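A.B. asks: what's the 3D shape of this:
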Amino acid sequence: MRITVTYYLDVISSWCFWAEPAWAELKKRYEGKLEFHWKIALLDKTGLPTSVEQEKWFYRRSGTIMRSPFMLSSAWYDPNQSEYLAPNCVAEAAKDLGVADDRVRLALARAGLREGKKFGEWEVAAEIGAGAADLDRKELLERAHSPAIETRVRADTADFHLLRVTQRPTFVIDTKIGDRAVFSGFAKAAPLVTAIDSMLDDADAYTTFGAHFGAPPA
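C.D. replies: Numbers count the residues shown, from 1 in each chain. Model prediction:
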């Protein structure tokens, strides 16, 4: 029975950065059993810092909560931007060029949040993304700038808002039998594993029942 896990993220989000080990653990643990997808959920000005000082405070908070041995860099921050289309559209555009895994967006996140690179700038984001997946920088940049990519990113962001949650990361787990679990703001794997195991158990029960009784009567 098909079970999908959809990860809503913004490439610039520090909490998404901290959640990446959990995402990797889930993909490894349930390889071949679940379908995994990630989608962009753009942060707007309500979710962005208002100053470098505030950003540093947020990073100290999240870094200590996650027991990180390093502090994230705020050097990428641009007070003139109300959203960061460049890194998110570059990550999304890579899908159209055959790179649908996590390589490009992870490289972008590391470059910005660890190294302080200005990944909010289109040229910088394209250079990072192309290098991460051996893509043509010009082609990636052109695709990222295309109306089709921005439309897709904004449509996925709109779907995220329909969930009536506010935090990135958000993980949505869906099963064919109509069960759904939504974890908004969770950055560790344990609670997601518990939910997924329960949903897998229910899915197996439905499969067993179907083997004994078949489809429901008309």
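
A.B. asks: which residues in this protein form helices?
C.D. replies: With DSSP state H applied, the chain shows helices at 14-29, 52-65, 85-96, 103-109, 122-133, 137-145, 147-162, 190-213, listed in chain order.

A.B. asks: mind putting these into JSON lines with distance to residue 42?
C.D. replies: In short, each C-beta sits where N, CA and C put it, glycine included. Below are the helices of the chain laid out as JSON lines (distance: least, CB to CB, whole Å):
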{"stretch": "helix 14-29", "distance to residue 42": "12"}
{"stretch": "helix 52-65", "distance to residue 42": "18"}
{"stretch": "helix 85-96", "distance to residue 42": "6"}
{"stretch": "helix 103-109", "distance to residue 42": "13"}
{"stretch": "helix 122-133", "distance to residue 42": "14"}
{"stretch": "helix 137-145", "distance to residue 42": "14"}
{"stretch": "helix 147-162", "distance to residue 42": "5"}
{"stretch": "helix 190-213", "distance to residue 42": "23"}
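
A.B. asks: which parts of the helix or strand bottoming out on mean pLDDT in the chain are buried?
C.D. replies: Among the helices and strands of the chain, helix 190-213 carries the lowest confidence by mean pLDDT, DSSP states H and E, at a mean of 85. The neighbour-count check on helix 190-213 (16 or more other CB atoms under 10 Å) flags 192, 195-196, 199-200, 203 as buried.

A.B. asks: likewise for stretch 159-172?
C.D. replies: For stretch 159-172, using 16+ other CB under 10 Å, the buried residues are 160, 165, 167-172.

A.B. asks: among these, pick out the one closest to residue 73, please.
C.D. replies: residue 168 (18.8 Å; CB to CB).

A.B. asks: nearest residue to that closest one in space, please, no chain neighbours.
C.D. replies: Of all residues not flanking residue 168 in the chain, residue 13 sits nearest, at 4.6 Å (CB to CB, 6 or more residues apart in numbering).

A.B. asks: test my guess that that neighbour contacts residue 170.
C.D. replies: No - checked against CB atoms under 8 Å, the pair residue 13 and residue 170 is beyond contact range at 10.6 Å.

A.B. asks: mind listing what residue 123 touches?
C.D. replies: residue 141 (CB atoms under 8 Å, 6 or more residues apart in numbering).

A.B. asks: likewise for residue 3?
C.D. replies: Per CB under 8 Å, 6+ apart, neighbours of residue 3: 33-35, 173-176, 196, 199-200, 203.

A.B. asks: is it in a bridge, and if so with what?
C.D. replies: Residue 3 has these beta-bridge partners by DSSP bridges: residue 175.

A.B. asks: look up how far residue 200 lies from it.
C.D. replies: From residue 3 across to residue 200, the span is 7 Å (CB to CB, to the nearest Å).

A.B. asks: name the residues contacting each of the two.
C.D. replies: With contacts defined as CB under 8 Å, 6+ apart, the residues shared by residue 3 and residue 200 are residue 33.
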